[in-house]
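> I'll drop the sequence and a predicted model, then ask my questions.
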Amino acid sequence: MSARKIIIDTDPGQDDAVAILLALASPDEIEVLGLTAVAGNVPLALTHKNARIICELAGRADVPVYAGCDAPMSRPLVTAEHVHGKTGLDGPDLPDPVMGLADGHAVDYIIETLRAQDAGTVTLCPLGPLTNIAMAFQKAPDIVAKVQEIVLMGGAYFEVGNITPTAEFNIYVDPEAAEIVFKSGAPITVVPLDVTHKALVTPARNAAFRAIGTPVGIAVGKMTDFFERFDKEKYASPGAPLHDPCVTAYLIQPDLFTGRHINVEIETRSDLTLGMTVADWWGVTDRTPNAMFLGDVDADGFFALLTERLARL
Ligand code: BDR
Ligand code: CA
């Protein structure tokens, strides 16, 4: 089987960084066409810089990185420096990138790339707020037919929320964009907190990253250490959830995950529950299913895959 063509839309973020590294380490399964940066964990100027830092860490300065939207569609930007540090990639000391940004806006890149491909052949992997993807769908609705699948990190049902009591960060930051994507008709797979809160970087898993002994392994060890501080305290758990790499792991080994094909709607009006993913997990409505909503992961299998692949870089 040929490698699946993907565009990673991202707001790095230590866990975004690990997701990108996993994809770049897996060329048999994944062909990364390009990275599109969006404002999220930190402002856009840092997310596109961090995306380039990670490409260079992986020895892949040939992957084009495009800058996208610097704010949500209709709201002020909310960031998460309290989780990721002020650079978004706090932890390792990585050099500033030498590679430049690719010319043009990420939204136009997404549109042009999809238009140039056959129907149903490009997978979009959003790891941050859905602003770039929604803007592209709004500007060029014809490209939805070109999407093979959208595999996104966002939302929650059983775990409810992390940035508010009822909302996960990526969906909360741009709920209007999320609504456009979930109503687009494209095949969607959701990796919610229900899954990622089972993918915990325990001390043993962190040690396995460091034991790789390469610049990538050591950087991932340091990144996930930093990232762990906040979440470990918050959840009083033995390790922090490693959210975004679950998306790229799903593309490589989908049988690590289970879920249900259900209806998912986005709350865009309530102040109290803004950005909630209203997931009909129990099938109590007659609303049409629009997403494969994952619920579980084989965490040991996931970390074994991740560690083995990172060692290839
Ligand atoms: C999501 O929010 C960000 O902080 C992480 O990078 C991840 O994409 C988890 O809620
Ligand atoms: Ca992210």
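Sure, I can see it. Numbering: from 1, shown residues only. Ligands and ions are numbered 1, 2, ... in the order given.

> touching stretch 139-147 from outside, list them.
With contact meaning CB atoms under 8 Å, 6 or more residues apart in numbering, stretch 139-147 is reached by 107, 110-111, 114-115, 117-124, 136-137, 184-187. Glycine gets a C-beta too; all of them are placed from N, C-alpha and C.

> just the residues you listed that are near ligand 1?
Among the contacts of stretch 139-147, proximity to ligand 1 is found for none (CB under 6 Å from any ligand atom).

> next step: those residues restricted to helices.
Among the contacts of stretch 139-147, the residues falling in helices (DSSP state H) are 107, 110-111, 114-115, 136-137.

> name the helix or strand of the chain that has the lowest mean pLDDT.
In the chain, no helix or strand scores lower on mean pLDDT, DSSP states H and E than helix 215-235, which sits at a mean of 86.

> wait, does it contact ligand 1?
No. For a cut-off given as CB under 6 Å from any ligand atom, helix 215-235 has no contacts with ligand 1; the smallest distance is 8.8 Å.

> which elements pack onto the helix or strand following that helix?
Where DSSP states H and E defines the elements, the next helix or strand beyond helix 215-235 is strand 240-241. The helices and strands touching strand 240-241, judged by 3 or more CB pairs under 8 Å, 6 or more residues apart in numbering; DSSP states H and E, are strand 200-201, helix 215-235.

> out of those, which one sits most buried?
strand 200-201 (a mean of 24; mean count of other CB atoms under 10 Å).

> which bits of the stretch 151-300 of the chain sit near ligand 1?
Residues of the stretch 151-300 of the chain lying near ligand 1 (CB under 6 Å from any ligand atom): 153, 162, 168-170, 243-244.

> which two in these are spaced the farthest apart?
162 and 244 (13.3 Å; CB to CB).

> which of these two has more neighbours?
Per other CB atoms under 10 Å, whichever of residue 162 and residue 244 has more neighbours is residue 244, with 31 against 22.

> not counting sequence-adjacent ones, nearest residue to the more buried one?
Excluding the flanking residues, the one nearest residue 244 by CB to CB, 6 or more residues apart in numbering is residue 19, at 3.8 Å.

> any idea how far residue 94 is from the closest residue to residue 281 other than its chain neighbours?
Residue nearest to residue 281 in three dimensions, not counting chain neighbours: residue 157, with 5.2 Å by CB to CB, 6+ apart. Distance of residue 157 to residue 94, computed by CB to CB, to the nearest Å: 35 Å.

> in TSV, list the ones in helices among the contacts of stretch 139-147 along with distance to residue 264 and pLDDT.
Output for the ones in helices among the contacts of stretch 139-147, formatted as TSV (distance: CB to CB, whole Å; pLDDT from 0 to 100):
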residue	distance to residue 264	pLDDT
107	24	98
110	22	98
111	25	98
114	23	98
115	27	98
136	20	98
137	16	98
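
> compare those residues and tell me which is most surrounded.
residue 136 (30 neighbours).

> tell me who's in contact with the residue in the stretch 151-300 of the chain positioned nearest to ligand 1.
As assessed by CB to the nearest ligand atom, ligand 1 sits closest to residue 169 within the stretch 151-300 of the chain, at 3.7 Å. Residue 169 makes contacts with 40-41, 78, 80, 162-163, as judged by CB under 8 Å, 6+ apart.

> contacting residues for residue 82?
residue 230.

> how far away is the spatially most central residue of the chain from ligand 1?
Nearest to the mean C-alpha position of the chain, by CA atoms, centre = their mean, lies residue 127 at 1.8 Å. To ligand 1, residue 127 is 5 Å away according to CB to the nearest ligand atom, to the nearest Å.

> related to what we said a few turns ago, mind putting the contacts of residue 169 into a markdown table with distance to residue 101?
Converted to a markdown table, the contacts of residue 169 look like this (distance: CB to CB, whole Å):
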| residue | distance to residue 101 |
| --- | --- |
| 40 | 17 |
| 41 | 18 |
| 78 | 24 |
| 80 | 23 |
| 162 | 30 |
| 163 | 28 |
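
> among the residues you listed, which one has the most neighbours?
residue 40 (33 neighbours).

> just to revisit the earlier point, got the CA positions of the least confident helix or strand of the chain in PDB?
Extracted C-alpha coordinates of helix 215-235, given in PDB (Å, rounded to 0.1, in the frame of the first residue of the first chain):
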ATOM      1  CA  PRO A 215      19.200  14.400  19.500                       C
ATOM      2  CA  VAL A 216      15.500  13.500  18.700                       C
ATOM      3  CA  GLY A 217      15.100  11.000  21.600                       C
ATOM      4  CA  ILE A 218      16.800  13.400  24.100                       C
ATOM      5  CA  ALA A 219      14.700  16.400  22.800                       C
ATOM      6  CA  VAL A 220      11.500  14.400  23.100                       C
ATOM      7  CA  GLY A 221      12.400  13.300  26.600                       C
ATOM      8  CA  LYS A 222      13.000  17.000  27.600                       C
ATOM      9  CA  MET A 223       9.900  18.200  25.900                       C
ATOM     10  CA  THR A 224       7.600  15.700  27.500                       C
ATOM     11  CA  ASP A 225       9.200  16.300  30.900                       C
ATOM     12  CA  PHE A 226       8.400  20.000  30.700                       C
ATOM     13  CA  PHE A 227       4.900  19.400  29.400                       C
ATOM     14  CA  GLU A 228       4.300  16.900  32.200                       C
ATOM     15  CA  ARG A 229       4.800  19.400  35.000                       C
ATOM     16  CA  PHE A 230       1.500  21.200  34.600                       C
ATOM     17  CA  ASP A 231      -0.700  18.200  33.800                       C
ATOM     18  CA  LYS A 232       0.900  15.800  36.400                       C
ATOM     19  CA  GLU A 233       0.100  18.300  39.100                       C
ATOM     20  CA  LYS A 234      -3.400  19.100  37.800                       C
ATOM     21  CA  TYR A 235      -4.400  15.400  37.400                       C
END
